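S.K.: fold the following and give me the result.
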Amino acid sequence: MSDYPHLLAPGRIGSMELRNRIVMSPMETMYGTSDGLPSDRTRAYFAARAAGGVGLITLGATGIDHQHPETPGGLHLGTDEGVAAHRALVEEVHAHGARIQPQIVHAGPDGLGPEMFGVTSLGPSVIPSYLTGRPSEEITPAQIGAVMDLYKAAVRRAREAGYDGIELHAAHGYMLLGSFLAPQRNRRTDDYRGDTVEGRMRVVFQALAAIRSEVGPDFPITLRISGFERVAGGRPMYETAQVAPSLVAAGVDAFHVSGGVIDRLVTNMVNGADDGDGLNVGAAAAVKEVVDVPVIAVGRLHDPARAEQVLADGRADFVAMARPLLADPELPAKLRTGGRVRHCISCENCIDSLEMRFSVDCAVNPRTGKETELAITPAPVARHLVVIGGGPGGLEAARVASARGHRVTLLERESELGGALRWASVVHPANAPFLDWLRSEVADAGIDVRLGATAGADDVAALTPDAVVVATGARTALPVIPGADLPHVRHGLAAAVADGWFPEGRRVVLLGATLAVAELAEHLAERGRYVALVDPGPELAPEFGWKRKSEHMHRLDRLGVTVHLRCEVERITAAGVVVVPEGGSARTLVADAVLVAGVPEPDLALYDALVARLPDVPVTAVGDATGYGLVQKAVEDGARAGVRV
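M.R.: Sure, this is the predicted structure:
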């Protein structure tokens with residue numbers, strides 16, 4: 001019997017039969033074509049999740065008006081000409097046994113229509129877009145009627161494309177319907193007034209009526225709604241439960257209960273590692289207790305065992321996952337077969353990538369969004385690959401190359417595998433399962449792993465490789481600071497953490513501002529140390545985007561860590577660190593212990609030596625050896641090297 005009898009049990013939403021209770025929740029990818037239609041990349045991405053065994057896929061926000069997109073590359077069902085592209089996507093997913101539905105939205109005040117098409121954005125009131133700050137106009141009753149016609153047309157197209165149902169978006173206090181439901185954004189005083197439940201809900205009932213008039217009673221409608229908005233003046237959990245029965249009477253076949261309201265960083269909506277698990281389960285259970293249709297719970301249900309328990313306890317009927325299925329598209333199938341799941345590490349890379357690279361990618365799964373480009377296919381000729389370095393980049397290169405049929409020798413100078421990911425797992429424990437996964441994959445692949453191995457150019461040449469991957473990591477550049485040789489000063493973040501450094505004194509000054517330094521500051525502060533973080537640069541964790549960065553700033557603040565940027569270090573003394581804050585005068589930060597973290601820099605010395613020593617052998621450098629880039633860069637570099645051998 002499966003360890004997940006509830007998650008893997010068949011389910012039903014209206015007339016839609018599903019092979020299990022796992023739903024891929026909507027997440028923007030920005031993979032669409034320039035005119036907002038599913039692309040080859042879109043199809044490959046969703047096909048991989050369908051092949052991995054998920055029961056139901058829900059597309060990210062799919063607009064009913066192609067001139068009001070939420071994001072560049074966002075999908076729409078706003079024209080008849082787009083139906084064929086959607087049908088191709090549906091057929092691809094159906095071929096793998098999954099069901100699929102679009103999340104139907106009007107972007108309302110939060111679309112990019114003004115910027116991309118010169119049209120006016122519409123909201124319940126004159127309110128700024130969460131994304132651009134541009135204010136909307138207050139939509140009139142006549143314009144609401146026109147929007148209802150757009151809903152009808154979009155759902156008709158969805159059915160023509162072969163979708164199995166739709167999800168109607170009315171959550172998170174944004175876009176058109178969600179904004180009407182949010183008291184803090186809906187300031188109207190007419191029939192849609194924001195200070196009564198009836199006024200806030202009116203437009204949602206109109207949308208349901210319009211959709212049902214077009215597709216009849218048998219086309220499944222799931223309603224995405226925030227159970228609790230988690231902001232001052234926002235809708236409470238009990239209101240969602242109060243209105244749920246009347247929404248069922250209006251045509252809702254299932255509820256997808258999320259939470260929070262959106263801002264640029266999806267704060268309280270997409271949650272980090274220390275925000276807890278199952279954040280919306282209580283609100284989902286409150287809805288389930290008052291309706292007889294299925295309820296889908298979502299929100300940090302990353303652990304399949306926890307998700308199974310939610311269903312076993314009767315708190316929900318389905319569980320939705322987004323990030324776990326970015327990390328491992330085969331998660332549902334592995335739950336059935338007992339396969340090894342690659343877990344999400346809650347690094348928020350997938351959120352930050354939307355603004356930094358304008359498409360979703362995953363730190364632990366380089367094939368997310370690159371399913372075709374980085375496909376692991378059998379090598380035409382088996383070769384001997386030597387990988388130098390057992391960090392995440394080297395482990396991924398070795399794993400992929402071995403899976404393609406190559407013979408792989410992996411050389412690691414330390415006594416265990418993991419590289420920088422070992423100490424990163426100390427300061428961010430969510431990294432540890434990924435490191436365990438990489439180690440186990442390499443062990444099962446039968447790769448020749450040599451620990452404590454010397455890897456000079458002559459040593460590598462003696463192995464007669466057909467190709468070499470250099471994954472030796474960065475070197476640490478340490479600033480020259482008077483007093484840095486005092487006994488209470490440690491040098492190099494990685495070396496300190498790897499040695500298990502923990503200061504005996506209460507007051508600690510960390511010189512550096514990378515993400516890893518911030519994580520170490522939190523680690524020490526949680527264990528009773530008073531920590532100051534000092535750096536001459538202008539930005540905390542410059543290697544990461546604002547989603548992850550802001551979460552660390554909140555944690556540092558909560559833990560009482562002081563942060564000084566644009567702050568010069570003059571010298572270190574026995575009493576502390578003499579600093580000069582921007583615009584200020586020299587002063588001493590008292591310290592019992594000081595860590596000079598240093599700055600990671602590219603280290604291509606071995607790569608250059610190997611290129612010279614083995615002129616006819618392809619040599620590739622990956623990961624931090626070519627420039628500091630965290631797990632995401634290391635793993636993607638390693639995957640690319642593995643597929644190119």
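S.K.: and the next element down the chain from the worst-scoring helix or strand of the chain on mean pLDDT?
M.R.: Lowest on mean pLDDT, DSSP states H and E among the helices and strands of the chain sits helix 493-498, with a mean of 84. For helix 493-498, the succeeding helix or strand toward the C-terminus, using DSSP states H and E, is strand 507-511.
S.K.: just the residues contacting the next helix or strand after that following strand, thanks.
M.R.: The first helix or strand that comes after strand 507-511 along the chain, using DSSP H and E, is helix 515-525. Residues from elsewhere that reach helix 515-525 (CB atoms under 8 Å, 6 or more residues apart in numbering): 423-424, 426-428, 493-494, 497, 502-503, 508, 510, 531, 533, 535, 540-541, 543-544, 548-549, 552, 555-556, 559-561, 595, 597, 630. Quick note: C-beta positions are derived from backbone N, CA and C, even for glycine.
S.K.: now stretch 492-512
M.R.: Taking CB under 8 Å, 6+ apart as the rule, stretch 492-512 contacts 420, 422-423, 426-427, 476, 478-479, 481, 488, 490, 514, 516-517, 520-521, 524, 527-535, 569, 576-577, 589-599.
S.K.: which ChimeraX command selects the buried ones in those?
M.R.: Paste this into ChimeraX to select the buried members of these, with burial taken from 16 or more other CB atoms under 10 Å:
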select :420,422,423,427,476,481,488,490,514,516,517,520,521,524,529,530,531,532,533,534,535,569,576,577,589,591,592,593,594,595,596,597,598,599
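S.K.: now intersect the contacts of stretch 492-512 with the strands, please.
M.R.: 476, 490, 530-534, 569, 576-577, 589-590, 593-596, 599 (DSSP state E).
S.K.: coming back round to it: pull the CA atoms of the least confident helix or strand of the chain into PDB?
M.R.: Extracted in PDB, the C-alpha atoms of helix 493-498 (Å, rounded to 0.1, in the frame of the first residue of the first chain):
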ATOM      1  CA  LEU A 493      33.400  32.900   5.800                       C
ATOM      2  CA  ALA A 494      33.400  29.400   4.200                       C
ATOM      3  CA  ALA A 495      36.400  28.300   6.200                       C
ATOM      4  CA  ALA A 496      34.900  29.600   9.500                       C
ATOM      5  CA  VAL A 497      31.600  27.900   9.000                       C
ATOM      6  CA  ALA A 498      33.200  24.700   7.700                       C
END
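S.K.: and it, which residues are buried?
M.R.: 493-494, 496-498.
S.K.: do the same with stretch 11-21
M.R.: By neighbour count on 16+ other CB under 10 Å, the buried set for stretch 11-21 is 11, 13-14, 16, 18-21.
S.K.: hey, what's residue 298 bridged with?
M.R.: Note on residue 298: beta-bridge partners by DSSP bridges are residue 320.
S.K.: that one - how many residues pack around it?
M.R.: Here the count is done by other CB atoms under 10 Å, and residue 298 has 26 residues near it.
S.K.: go ahead and confirm it touches residue 269.
M.R.: No: between residue 298 and residue 269 there is no contact, the gap being 10.3 Å when judged by CB atoms under 8 Å.
S.K.: which neighbours do the two have in common?
M.R.: Residues touching both residue 298 and residue 269 (CB under 8 Å, 6+ apart) are residue 258.
S.K.: which parts of stretch 604-614 are buried?
M.R.: So stretch 604-614, judged by 16+ other CB under 10 Å, has buried residues 604, 606-607, 609-611, 614.
S.K.: which ones among those residues are found in helices?
M.R.: 606-607, 609-611 (DSSP state H).
S.K.: name the nearest residue to residue 411, sequence neighbours excluded.
M.R.: residue 453 (4.1 Å; CB to CB, 6 or more residues apart in numbering).
S.K.: which SSE is the one you found in?
M.R.: Element membership of residue 453, judged by DSSP H and E, is empty: it is in no helix or strand.
S.K.: wait, what's in contact with the residue located most distally from the centre of the chain?
M.R.: Distance from the C-alpha centroid of the chain, by CA atoms, centre = their mean, peaks at residue 574 (43.7 Å). Neighbouring residues of residue 574 by CB under 8 Å, 6+ apart: 486, 488.
S.K.: so it lies in a helix, does it not?
M.R.: No: read with DSSP: H, G, I helix; E, B strand; the rest coil, residue 574 is coil and lies in no helix.
S.K.: could you measure from it over to residue 533?
M.R.: Residue 574 sits 21 Å away from residue 533, taking CB to CB, to the nearest Å as the criterion.
S.K.: would residue 101 count as being in a strand?
M.R.: Yes: judged by three-state DSSP, residue 101 forms part of a strand.
S.K.: dump the residue contacts of the closest residue to residue 446 other than its chain neighbours.
M.R.: In space, residue 446 comes closest to residue 402 once its chain neighbours are excluded; the distance is 7.3 Å by CB to CB, 6+ apart. Neighbour list for residue 402: 408, 442, 445-447 [criterion: CB under 8 Å, 6+ apart].
S.K.: phi first, then psi, for the residue nearest to residue 411.
M.R.: Recorded main-chain torsions at residue 453 are phi -100, psi 130, according to degrees, to the nearest 10.
S.K.: before we move on, what about residue 351?
M.R.: Main-chain torsions, residue 351, degrees, to the nearest 10: phi -80, psi -50.
S.K.: swap in residue 474?
M.R.: Residue torsions, per degrees, to the nearest 10, at residue 474 are phi -90, psi 160.
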